[in-house]
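Undergrad: predicted coordinates and the sequence they were generated for:
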Amino acid sequence: MDKLKERWGITSNWQIVAIFMAFAVNGSFAAWIAKPLTEIIGISSETNGWLFWAIRVPLIFIIYQITLPLSGWIFGQFKFFWNMEKKMLKRMGFKRFFPE
């Protein structure tokens with residue numbers, strides 16, 4: 001636990017619990033939101049399984065990234081998740097939006 005706390009720059013075990021809970025809740029939320037969006041598009045796993053998953057997985061990823069800071073805020077860990085989000089977006093090539 002100490003290595004994880006040091007790597008993430010957190011100080012208490014409560015913060016680790018809150019971060020893990022935020023990850024879990026946000027993942028479930030993203031999958032839950034993606035379901036009606038695929039229905040609005042008119043795609044279901046019964047009609048076209050490959051297309052359904054080819055659209056749903058990226059959709060879940062996008063929703064997850066957008067809502068992760070919100071989930072972190074709800075669990076009192078906004079700063080951790082915002083810094084993590086910026087780091088990941090920089091790695092994906094969005095460096096100009098987050099100057100040093």
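TA: Everything's here; your move.

Undergrad: ok, for the most centrally placed residue in the chain, nearest residue in space, not its chain neighbours?
TA: Nearest residue to the geometric centre of the chain (CA atoms, centre = their mean): Tyr64, 3.4 Å. Nearest residue to Tyr64 in three dimensions, chain neighbours excluded: Ala30, at 4.0 Å (CB to CB, 6 or more residues apart in numbering). The way it works is simple: take the backbone N, C-alpha and C, and place the C-beta from them, glycine included.

Undergrad: what about the one you found, which helix or strand?
TA: For Ala30, the element it lies in under DSSP states H and E is helix 13-41.

Undergrad: buried set for the helix or strand the residue nearest to the centre of the chain falls within?
TA: Using DSSP H and E, Tyr64 falls within helix 49-74. Residues of helix 49-74 classed as buried: 52, 55-56, 59-60, 63-64, 67-69, 71-72 (neighbour count, 16 or more other CB atoms under 10 Å).

Undergrad: kindly indicate which of those residues lies nearest Lys3.
TA: Lys3 lies nearest to Gly72 out of the buried residues of helix 49-74, by CB to CB, at 21.3 Å.

Undergrad: quick one: secondary structure of Met84?
TA: Using DSSP: H, G, I helix; E, B strand; the rest coil, the structure places Met84 in helix.

Undergrad: alright, that wraps it up for me.
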